[in-house]
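Chemist: Here is my input, please return the structure:
(one chain, ligands or ions: 1)
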Amino acid sequence: MQNQLATMLEEAGREIEACATANDILNTKAKYLGKKSLLNGLYGRMKDLEPSERPAFGNLLNEARQQLETLLNAKSSAIKAQSWKKENTDMDFSMPGMPSSRGGYHPLSIVRRQIDEVFISLGFEIAEGLDIEDEFHNFDALNTPADHPSRNLADTFYVEGGRLLRTQTSTVQIRVMESYQPPIRIISPGRCYRNDKPDPSHSPVFHQVEALVVDKGISMSDLTDTLQNFASIMFGARVRSRIRPHFFPFTEPSAEMDISCVACSGAGCRVCKGSGWLEMGGAGMVDPNVFDILGIDSEIYTGFAFGLGIERIAMLKYNIPDMRILFENDLRMLNQFRGEL
Ligand code: PHE
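Modeler: Residues are numbered from 1 along each chain as shown. This next block holds a predicted model:
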């Protein structure tokens, strides 16, 4: 039996040495260490030996098995290393890696975040609204008459179930006043939709940020102060602001807000079309009718609201001449404005 074992070890040694693939290793392993292997058979035949010879022979068998395992493992590693080398002979590990380009934030995201921060620093909270709204929140509760042209199919995108894509963030004024009692001091940035053809200053999707302040004793000067604070922080201390009379159904009195041109400081240039002023959005004192619809006592509370166009601000900050650039997402363009939040 010992001779058999020695011959088997020799043979196995040669066969393992001759292995060329991982598969060869598996087969050889099965042949010499598997259930039907000679080695396994010898374990079974130990009972034929004198009891006194069994321990020594058992040791021999164990040693043989260990020897075979060691040889197989060594050969298997050698094969792996070999094939890895073969596959990689064309590689030059000293070459620099592929350049990976870093992403940046979209100008609208950056500006929106800056606006959030300005108003948070002025004590406002951020309220969220809905993109898909109903006529009540987009028109009725905002004191907009049934025959107002803005309700027209030509201006507003209607969706199923009498719903619509909000045309203004003023809807959030209503949602906030439905749920909270004054004092209220919120802004709400978000998307708006209007049935406009894209051109340098229009897009069917655009962004506004709404502001609403309701409390006892709020007056028009709180509105102009807030506007001036915003303009100074956003565009620099030298920027001036003004309001002009206008009309909105949900504010009385209503106004349009301007800031002095950030390109020419008010002297008149191409950006401000010679006027020295840039339009920022609509504003006004909350119409008592709106308070009445929402059950807020207009004898006790007053408030102001305004809506700023975020594209306008981004275009001014980044010197972008055409609103469509903000939505086409051409990387060659966006890469020029890439920035941090
Ligand atoms: N929602 C108005 C618009 O889209 C702007 C506005 C907001 C006016 C708040 C007054 C008060 O034009």
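Chemist: contacts, neighbours, all on C-alpha from now
Modeler: OK.
Chemist: how about the residues of this protein that lie near the ligand?
Modeler: 168, 170, 248, 251, 282, 283, 284, 305, 306, 307 (Cα under 6 Å from any ligand atom).
Chemist: Correct me if wrong: the fourth one contacts residue 291.
Modeler: No - no contact is recorded between residue 251 and residue 291 when judged using Cα atoms under 8 Å, the distance being 10.6 Å.
Chemist: what about the residue of the chain positioned farthest from its centre, distance to residue 270?
Modeler: In the chain, the residue that sits farthest from the middle, by Cα atoms, centre = their mean, is residue 50; the gap is 78.6 Å. Separation of residue 50 from residue 270 (Cα to Cα, to the nearest Å): 111 Å.
Chemist: One more: residue 126?
Modeler: 35 Å.
Chemist: cool, residue 114 as well?
Modeler: Taking Cα to Cα, one finds residue 114 at 26 Å from residue 270.
Chemist: go on, residue 157?
Modeler: 33 Å.
Chemist: neighbour-wise, which of these two wins?
Modeler: residue 157 (18 against 10; other Cα atoms under 10 Å).
Chemist: isn't that one right up against residue 165?
Modeler: Yes - counting by Cα under 8 Å, residue 157 sits close enough to residue 165 to count as a contact (5.7 Å).
Chemist: where along the stretch 1-150 of the chain do the helices fall?
Modeler: 2-18, 22-33, 38-44, 54-87, 107-121, 135-138 (DSSP state H, counting those that start in this stretch).
Chemist: now those helices in JSON lines, with mean pLDDT, mean neighbour count and distance to residue 314?
Modeler: JSON lines is the format used below for these (pLDDT from 0 to 100; neighbours: other Cα atoms under 10 Å; distance: least, Cα to Cα, whole Å):
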{"stretch": "helix 2-18", "mean pLDDT": "86", "mean neighbour count": "14", "distance to residue 314": "72"}
{"stretch": "helix 22-33", "mean pLDDT": "88", "mean neighbour count": "16", "distance to residue 314": "62"}
{"stretch": "helix 38-44", "mean pLDDT": "82", "mean neighbour count": "15", "distance to residue 314": "80"}
{"stretch": "helix 54-87", "mean pLDDT": "84", "mean neighbour count": "14", "distance to residue 314": "52"}
{"stretch": "helix 107-121", "mean pLDDT": "95", "mean neighbour count": "18", "distance to residue 314": "6"}
{"stretch": "helix 135-138", "mean pLDDT": "97", "mean neighbour count": "19", "distance to residue 314": "25"}
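Chemist: tell me the centre residue of the protein?
Modeler: Note: the chain centre (Cα atoms, centre = their mean) maps to residue 105, 9.3 Å.
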